Every structure is written in C-alpha cells, then in structure tokens.
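1. Provided below for reference: sequence and predicted model.
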Amino acid sequence: MPNIIRARVRRNLAAFKNLFTIAALVICCGALVVPAAAAHEEHGTTFNAPGATIYYEMFGSSSGTPLFVANGGPGFDHQYLHVSDAWDTLAQTRRIVMWDQRGTGRSGPLKSGQSCTLADQINDLDALRAHLGFDKIDLMGHSWGGFLAMAYAARYPQHIAHLIISDSAAPRWSDTLFLFKDVYPDVTAHEDSYAFVSNLNEKDSSAAREASTELYESMLFYSPERRDEFAAKMANDKEYYEINRAVNHDVARFDLNPEIKKFRFPTLVMCGRFDMNVAPVIAYKIHRAIPGSKFVVFEKSGHMPFFEEPAKFVQVLTEFLSSPATSTASQ
C-alpha cells in the first residue's frame with residue numbers, strides 16, 4: 001500500500017506541474033535565474049533546557065546582537081530554512097541562531113507524558129538565549145514561528161532588540177486564513193483523499209501522511225522552479241505529527257492581538273504576495289496593529305521569500321537590523 005500511495009502522489013504532482021508551464025515561461029523570460037543554494041555545513045550541538053533537550057546551531061561572526069530564527073510548522077525542524085543561502089549571506093555580518101523545537105529534528109524526542117505547549121516553546125527559546133549568554137536578541141519567526149516570536153516578545157519584551165514576523169500565522173490562531181482550496185482545488189482534493197488512510201493509524205498511514213505533506217509543500221511557491229528545487233532538496237524531510245497536534249491544540253487558547261499592540265521595539269512584518277499558506281491580509285493586519293512597524297511585500301514569492309527572493313530578503317533584513325534598536329512609538 002505505501003508504494004501505491006507514493007506512486008499516486010508522484011502522478012498527482014506531475015499533473016500539477018503542468019499547470020505552471022505558462023508561469024514558468026514568464027518567470028524565465030522576465031527575471032534572472034538565481035543559482036541553487038549552496039549546501040549549508042552544520043555544526044550544531046545540544047543543551048538541556050528545563051524539560052527538554054534542544055538542538056541548536058550558531059553560525060556567522062560578529063560581536064553585535066545575534067539573529068534568532070524560529071522555524072515554521074509546528075512539527076518541522078529548522079532544516080527547511082537551509083534550502084536558501086540567504087542565511088549564510090546574512091551570517092557574513094552577524095551571528096545567526098537556529099534550533100530544532102522540542103520533539104523535532106535533532107532535539108530530544110518527547111517522552112511519555114512530556115508536554116509540548118506554547119509556554120514550553122517560549123521557555124525553550126528563553127533558555128537557549130540565556131544558555132548562549134545574550135541579554136538582547138533580534139528575533140525572526142517564519143509561519144508558525146511568527147506566532148511563537150510574537151508570543152515570546154509579549155512574554156519577554158526586555159530581551160527583544162528587533163522583531164521580524166514573516167508570513168506568520170494570525171495572532172489568534174483560528175483567524176489564520178488559508179487560500180489553498182480557493183486557488184488549488186484540484187491539489188487539495190488529492191490531499192484530502194489521503195486523510196482517511198492517514199487517520200486510521202495503520203501500517204500505511206505514515207505513507208499517506210508523507211504523500212499529503214508533499215502535496216501541501218507543492219502549493220507554497222510562486223515559482224515552479226523554486227517549488228521543484230525545494231521538493232528535490234527536502235525529499236527526505238520529516239513532519240512530526242504528534243508535535244503538530246499538541247501545539248495546535250494548545251495555541252488555540254490564546255489571542256495575541258491585545259499583546260502585539262504593546263510592542264515598542266522595531267518590528268518588521270513581511271510576506272510573499274502569493275502566499276497561499278497564510279493570506280497576505282494577515283500580515284497586513286499584524287502590521288497595522290503594531291505601532292510604528294514596517295511592512296514589506298515580496299512580489300515574486302509565496303510562503304518562503306527567503307528562498308524565492310533571497311537577494312531582496314537579505315537586503316531588507318540587513319537594512320532593518322541596522323536600524324537603532326529603540327522604541328518605535330511613544331509609551
């Protein structure tokens with residue numbers, strides 16, 4: 001059965017790719033092709049946060065404020081960020097810290113009865129900050145990581161120098177607006193067809209979940225070339241479904257809208273114009289709610305501007321992080 005499922009998803013993806021032929025020609029004729037990202041050489045380690053073993057890597061060199069990057073999911077590790085060489089470019093002038101959130105990637109697996117709540121995720125991040133000896137950090141969150149970054153900044157504003165929120169979930173989790181079914185009804189129909197088998201929790205359920213994840217990832221990009229490059233580079237990525245379920249259940253309790261209005265540190269909110277995973281209107285509403293925040297749209301990106309427009313991404317972050325880490329609005 002797993003082989004049948006994989007064969008089906010490959011056929012579905014092949015048919016799906018044909019939908020982008022005209023778009024691909026437009027992109028190739030209208031823009032320079034960006035070379036594939038160089039492989040990132042990782043040198044990470046682990047430390048014991050309260051209640052979890054957390055894997056992290058710090059790379060780059062600078063004596064300035066480090067940039068911590070919270071990846072999306074929930075239930076993915078940080079490796080997908082490295083499909084882009086934007087981070088290594090940024091690391092030429094600053095230190096960058098990435099980590100695998102509890103229960104994912106190289107971090108320790110969750111033990112029986114071990115919790116995975118929003119509070120746990122916030123405390124893991126603060127423990128990492130303290131472990132590395134930084135009083136102030138620049139913090140960026142992508143997708144679910146944007147929600148985590150907003151929550152951390154609300155809990156520990158004294159430790160934030162700059163905040164970057166990229167293609168983030170809404171401050172109230174249930175307000176997050178997905179466009180997949182409106183724009184890709186054929187692909188989501190195929191994706192939904194795996195849900196029944198996936199939820200049975202039988203021997204072929206894992207293959208069904210993997211097939212569904214592949215279809216989900218195929219809808220995240222503006223550029224067909226970038227979509228295919230991501231699929232090739234992340235062919236063996238893993239989604240930690242138990243983490244996804246635990247975090248989704250817990251964050252539904254929270255509404256960060258009253259909290260983000262209190263932010264008084266420099267904040268950049270950005271999104272891809274063609275983000276189907278989180279409609280750009282969510283980013284705009286976050287921007288409007290945070291006093292003095294800056295709003296940037298990447299016109300040729302979906303859910304991952306750091307991958308589809310890396311040069312502009314590096315420029316935008318470099319300029320923003322070079323700004324004084326002072327209050328952006330009156331108290």
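-> Sure thing, it's come through.
2. list the contacts for the residue lying closest to N71 once chain neighbours are set aside?
-> Excluding its sequence neighbours, the residue lying closest to N71 (CB to CB, 6 or more residues apart in numbering) is H78, at 4.3 Å. The C-beta positions use only the backbone N, C-alpha and C, and glycine is treated the same way. Applying CB atoms under 8 Å, 6 or more residues apart in numbering, one finds that H78 lies in contact with 69, 71, 98-100, 105.
3. try 10 Å
-> 42, 44, 55-57, 69-72, 87, 97-101, 104-107, 142, 145 (CB atoms under 10 Å, 6 or more residues apart in numbering).
4. Out of those residues, which sit inside helices?
-> 87, 145 (DSSP state H).
5. Drop anything exposed from the contacts of H78.
-> 44, 55-57, 69-72, 87, 97-101, 104-107, 142, 145 (16 or more other CB atoms under 10 Å).
6. So what's the predicted local confidence for the closest residue to V183 other than its chain neighbours?
-> Nearest residue to V183 in three dimensions, chain neighbours excluded: M276, at 5.6 Å (CB to CB, 6+ apart). For M276, the model assigns a pLDDT of 96.
7. which SSE is M276 in?
-> Counting by DSSP states H and E, no helix or strand carries M276.
8. same deal with F47?
-> Using DSSP H and E, F47 sits within strand 45-49.
9. What of V269?
-> Short version: V269 belongs to strand 267-272, going by DSSP H and E.
10. Now do the same for the nearest residue to P66 once chain neighbours are set aside: its pLDDT.
-> In space, and not counting its chain neighbours, P66 is closest to R95: 4.1 Å by CB to CB, 6+ apart. Note for R95: predicted pLDDT of 97.
11. R95 against G133, yeah?
-> No. Shown here, R95 and G133 do not form a contact pair, counting by CB atoms under 10 Å, at 11.6 Å.
12. Who has more neighbours out of the two?
-> R95 (21 against 6; other CB atoms under 10 Å).
13. so what's that one up against?
-> Residues in contact with R95 (CB under 10 Å, 6+ apart) are 58-68, 132, 134, 137-138.
14. Excluding chain neighbours, what is closest to the residue nearest to the spatial centre of the chain?
-> For the chain, the residue nearest the mean C-alpha position is G72 (2.9 Å; CA atoms, centre = their mean). Nearest residue to G72, sequence neighbours excluded (CB to CB, 6+ apart): S143, at 2.8 Å.
15. for W99, same thing?
-> Sequence neighbours aside, Y56 is the residue nearest to W99 in space, at 3.8 Å (criterion: CB to CB, 6+ apart).
16. And the pLDDT at the residue nearest to N71?
-> Predicted confidence (pLDDT) for H78: 96.
17. next one: phi and psi at it?
-> phi -80, psi 0 (degrees, to the nearest 10).
18. With F180 instead?
-> phi -50, psi -50.
19. Quantify the burial of it by counting its neighbouring residues.
-> By the measure other CB under 10 Å, the count of residues near F180 is 16.
20. Check Y156 too.
-> Neighbours of Y156 (other CB under 10 Å): 16.
21. And this protein, what are its domain boundaries?
-> 1-32+185-218, 60-180+238-289 (automatic domain parsing).
22. Mind telling me which of those domains the model trusts least?
-> Across those, the lowest-scoring stretch is domain 1-32+185-218, with a mean of 59.
23. Next, the buried residues of stretch 284-299.
-> 285-287, 289-290, 293-296, 298.
24. Span of that stretch from start to end?
-> Here the two ends of stretch 284-299 are set 14 Å apart, with distance taken as CA to CA, to the nearest Å.
25. Would you check the distance separating it from the middle of the chain?
-> 18 Å (CA atoms, centre = their mean, to the nearest Å).
26. and if you look at stretch 44-62?
-> In terms of CA atoms, centre = their mean, the centre of stretch 44-62 is set 18 Å apart from its chain centre.
27. and it, C-alpha only, in CSV?
-> The C-alpha trace of stretch 44-62 is given here as CSV (Å, rounded to 0.1, in the frame of the first residue of the first chain):
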residue,chain,number,x,y,z
GLY,A,44,25.3,22.2,16.0
THR,A,45,25.1,20.8,19.5
THR,A,46,22.5,20.2,22.2
PHE,A,47,21.8,21.6,25.7
ASN,A,48,19.4,20.7,28.4
ALA,A,49,16.6,23.2,28.7
PRO,A,50,14.1,22.7,31.6
GLY,A,51,12.1,19.7,30.5
ALA,A,52,13.7,19.1,27.1
THR,A,53,16.9,18.5,25.2
ILE,A,54,17.2,21.2,22.5
TYR,A,55,19.5,21.1,19.4
TYR,A,56,20.8,24.4,18.1
GLU,A,57,23.4,25.8,15.7
MET,A,58,25.0,29.2,15.8
PHE,A,59,26.9,30.4,12.8
GLY,A,60,28.4,33.6,11.5
SER,A,61,30.6,36.1,13.2
SER,A,62,30.0,39.4,14.8
